[in-house]
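Peer 1: Requesting a structural model of the entry that follows:
(chains A and B)
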Amino acid sequence: MADPLHQFKIETIVQGPVFEVGGIHVDLSLTNSVLAMLIAVGATLLFFAMTTARASIIPGRGQVVAESIFGLMDDLTDSIIGHEGRKFLPYVLTLFLFILSCNLVGMFTYFTATSQIAVTLTLAAMTILLVLGVGFIRNGLGFFKMFVPSGVPWYILVVLVPIEVIAFVMRPVTLTLRLFGNMLGGHIVMKVFAGFIITGLAMGIGGYAIGALSLSTIVALTTLEFLVAYLQAFVFAVLTCVYLSDVVNIGHH
Amino acid sequence: MTAATSPEAITTEGTDASGASFSANPSVTTVATLVPGTNEAVTHDVHATTTETVAAGEHHEASEGGLPQLNTDHWAGQIVWLVFIFAVFLLLMSKVFVPRIRKVIDTRGATIAEDLANARANRDEAEAQAKQAAAETAEAHAAARKLAAEAVARSNAEVAAATAAEDEKLGKRLAEAEARIRSARDEAMGHVADIASETASLLVEKLTGKAATAAALKSALGKV
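Peer 2: Model (predicted):
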């Protein structure tokens, strides 16, 4: 059976500059991961360029799709962050589209950039750095009021504040691992079942049932994975909005 | 910090590519590792231990094993590429596509609102015109009715006047006729005494042979 983890292996396609910055090994080669991201972003940009080039009041089919994605994120930022959500729409929309397109490229080709922990970690770090930046720029040291819910007696605060701090610190970790784990797990399971088909067929007549069962399972799993691909992008976007809302609306919750 | 550096040291020793430069100045390494983001360092810690066991256990049999994602060789390159790609993506989205779509949606909203307002204005205008037309009709009806009433009144007055004039004329002629009749009768009645005295004198003359005196006649007639 083929190694189900092989699909996550980074392979260099075009060798690029390799250097060390302060002991960190930086390999700027064009790898399959980078290529997957470039394809995903390129396709998304191409789609938006084509559908909104001649944007008209009465939209075409592509424009309806582009506008509904836009509207989905616009509603999200607006309903979660509030009237200031519009400022964060470009970031949330870009994040959503990036994750969604990478997930979908993973569904249609063999490499899923979002199953790379380096990628999900960077996305989570960008979000948290944005949250921290917005939090400190808008509120200064008032940012720390976020950990102290108002109107709570002190003896509960003693317990609550450490929990709030830990919850905040865990946010980038959960953001990283949720997306990473979903993509990793889904693709491994699909690959494993795909391996079962081959194994089953190799077993002869008796194995055909296993092969057929695995095939039907993989069809079902594929549809599920498409749902997960969308859902994880959406969840990431929702959580980004929630975290931004926390720092934008300090003292309102 | 030591916890972060030690597993990495093991991994790099395994690959032995950059082990020398790494161990030469570890203090620089730890500072530089923190630059992209502190979060990275945290998770790095967690997974570095896994890499360590994998590297220790399976390094001799196969070069690959465990999750390939946890091999940090490609992390920095991936992160640099990702940040670059994401930045371009974000720039294009925020400068080109988001304003473009926003404009279309706003324009559409404005157009729909404007059309609705226009339609509403047209409807109001039409209603106003209908009301005005109704008012004009009612006014015309009233005017016509008034005109008719006036005409009727005028004709009635004319008729009444004509009747009155005619009545008056007739009454005058009647009165004239009556006066004439009365005068004729009076005249006739005046003649009656003369006729009676004449007749009486003639009768007396025929009967007595001699003419009656005027005084006798008069006294005789006065007894009648």
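Peer 1: I would like the residues contacting stretch A:69-87, please.
Peer 2: A:88-89, A:92-93, A:96-97, A:237-238, A:241-242, A:244-245, A:248-249, B:98, B:101-102, B:105 (C-beta atoms under 8 Å, 6 or more residues apart in numbering or on different chains). For every residue, glycine as well, the C-beta is placed using N, CA and C.
Peer 1: do the same with stretch B:213-224
Peer 2: Residues outside stretch B:213-224 that contact it (C-beta under 8 Å, 6+ apart): B:193, B:196-197, B:200-201, B:204, B:212.
Peer 1: where do the strands sit along chain A?
Peer 2: Assigned by DSSP state E, chain A shows strands spanning A:12-14, A:18-21, A:24-27, A:30-31.
Peer 1: Just put those strands in TSV and tack on distance to chain B, mean pLDDT and mean neighbour count.
Peer 2: Output for the strands of chain A, formatted as TSV (distance: least, C-beta to the nearest C-beta, whole Å; pLDDT from 0 to 100; neighbours: other C-beta atoms under 10 Å in any protein chain shown):
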stretch	distance to chain B	mean pLDDT	mean neighbour count
strand A:12-14	9	86	12
strand A:18-21	6	83	13
strand A:24-27	4	84	19
strand A:30-31	6	89	20
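Peer 1: From the contacts of stretch B:213-224, pick the one nearest chain A.
Peer 2: Distance to chain A, by C-beta to the nearest C-beta, is smallest for B:Ala193 among those, at 124.4 Å.
Peer 1: about what we covered before: point out the least confident one among the contacts of stretch B:213-224.
Peer 2: On pLDDT alone, B:Ala212 ranks lowest of the contacts of stretch B:213-224, at 72.
Peer 1: Identify the residues contacting the closest residue to it other than its chain neighbours.
Peer 2: In space, and not counting its chain neighbours, B:Ala212 is closest to B:Val204: 3.9 Å by C-beta to C-beta, 6 or more residues apart in numbering or on different chains. B:Val204 sits next to B:210-212, B:217 when contact means C-beta under 8 Å, 6+ apart.
Peer 1: Based on its surroundings, how many neighbours for B:Val192?
Peer 2: 9 (other C-beta atoms under 10 Å in any protein chain shown).
Peer 1: right, I mislabeled it, should have said A:Phe96
Peer 2: 23.
Peer 1: surely it meets A:Leu231?
Peer 2: No: A:Phe96 lies out of contact with A:Leu231 (C-beta atoms under 8 Å); the separation is 11.5 Å.
Peer 1: Make CSV from the strands of chain A and add distance to A:Val105 to it.
Peer 2: CSV is the format used below for the strands of chain A (distance: least, C-beta to C-beta, whole Å):
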stretch, distance to A:Val105
strand A:12-14, 15
strand A:18-21, 25
strand A:24-27, 21
strand A:30-31, 14
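Peer 1: Roughly how far does the residue nearest to the spatial centre of chain B sit from chain A?
Peer 2: Centroid-nearest residue in chain B: B:Asp124, 3.9 Å away (criterion: C-alpha atoms, centre = their mean). Per C-beta to the nearest C-beta, to the nearest Å, B:Asp124 is found 25 Å from chain A.
Peer 1: What pLDDT does the model give B:Asn25?
Peer 2: pLDDT, read off for B:Asn25, is 43.
Peer 1: now do B:Thr38
Peer 2: pLDDT, read off for B:Thr38, is 43.
Peer 1: picking that back up, I'd like to know which of the contacts of B:Val204 are part of helices.
Peer 2: Among the contacts of B:Val204, the residues falling in helices (DSSP state H) are B:Leu217.
Peer 1: and of the contacts of B:Val204, the nearest to chain A?
Peer 2: B:Leu217 (134.4 Å).
Peer 1: If you drop the residues flanking it in sequence, what lies closest to the closest one?
Peer 2: Once chain neighbours are set aside, the closest to B:Leu217 by C-beta to C-beta, 6+ apart is B:Ser197, at 5.0 Å.
Peer 1: Centre of the chain to the helix or strand hosting that neighbour, how far?
Peer 2: In this assignment (DSSP states H and E), B:Ser197 forms part of helix B:98-208. Here helix B:98-208 shows a centroid-to-chain-centroid distance of 44 Å under the convention C-alpha atoms, centre = their mean, to the nearest Å.
Peer 1: Mind giving me the PyMOL select for the contacts of stretch A:69-87, buried ones only?
Peer 2: Burial among the contacts of stretch A:69-87 is assessed by 16 or more other C-beta atoms under 10 Å in any protein chain shown; the matching PyMOL selection reads:
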select buried, (chain A and resi 88+89+92+93+96+97+237+241+244+245+248) or (chain B and resi 98+101+105)
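Peer 1: Restricted to helices, list the contacts of stretch A:69-87.
Peer 2: Filtering these for helices - DSSP H - leaves A:89, A:92-93, A:96-97, A:237-238, A:241-242, A:244-245, A:248, B:98, B:101-102, B:105.
Peer 1: coming back round to it: of the contacts of B:Val204, buried ones?
Peer 2: The neighbour-count criterion (16+ other C-beta under 10 Å) marks B:212, B:217 among the contacts of B:Val204 as buried.
Peer 1: and which of the contacts of B:Val204 is nearest to A:Asp3?
Peer 2: Taking C-beta to C-beta as the measure, A:Asp3 sits nearest to B:Leu217 out of these, at 183.5 Å.
Peer 1: Now do the same for the closest one: its pLDDT.
Peer 2: In this prediction B:Leu217 is given a pLDDT of 75.
Peer 1: And it, how close does it get to B:Ala193?
Peer 2: In this view, B:Leu217 and B:Ala193 are 10 Å apart by C-beta to C-beta, to the nearest Å.
Peer 1: Can you name the residue of the stretch 51-200 of chain A nearest to chain B?
Peer 2: Closest residue of the stretch 51-200 of chain A to chain B, C-beta to the nearest C-beta: A:Pro90 (3.4 Å).
Peer 1: quick one: contacts for that residue?
Peer 2: Here A:Pro90 is in contact with B:90, B:93-94, B:98 (C-beta under 8 Å, 6+ apart).
Peer 1: at 10 Å what do you get?
Peer 2: A:73, A:77, B:89-95, B:97-99 (C-beta atoms under 10 Å, 6 or more residues apart in numbering or on different chains).
Peer 1: again with B:Gln78
Peer 2: Applying C-beta under 10 Å, 6+ apart, the residues contacting B:Gln78 are A:10, A:27-28, A:31, A:33-34, A:37, A:113, A:116-119, A:121-122, B:69.
Peer 1: Out of those, which sit inside helices?
Peer 2: Per DSSP H, the contacts of B:Gln78 map to helices at A:33-34, A:37, A:117-119, A:121-122.
Peer 1: filter these by proximity to chain B?
Peer 2: Residues of those in contact with chain B (C-beta under 10 Å from any C-beta of the partner chain): A:33-34, A:37, A:117-119, A:121-122.
Peer 1: ok, of the contacts of A:Pro90, which one's closest to A:Val219?
Peer 2: Among those, A:Met73 lies closest to A:Val219 (C-beta to C-beta), at 30.7 Å.
Peer 1: ok, and the closest non-adjacent residue to the closest one?
Peer 2: A:Leu93 (4.4 Å).
Peer 1: Quick check: the one you found touching B:Ile101?
Peer 2: Yes: counting by C-beta atoms under 10 Å, A:Leu93 does reach B:Ile101; the two are 9.4 Å apart.
Peer 1: Find the residues that touch each one of these two.
Peer 2: With C-beta under 10 Å, 6+ apart as the test, A:Leu93 and B:Ile101 both reach A:69-70, A:74, B:93.
Peer 1: Run through the stretch 151-253 of chain A and note the low-pLDDT ranges.
Peer 2: Within the stretch 151-253 of chain A, the stretches with pLDDT under 70 are A:251-253.
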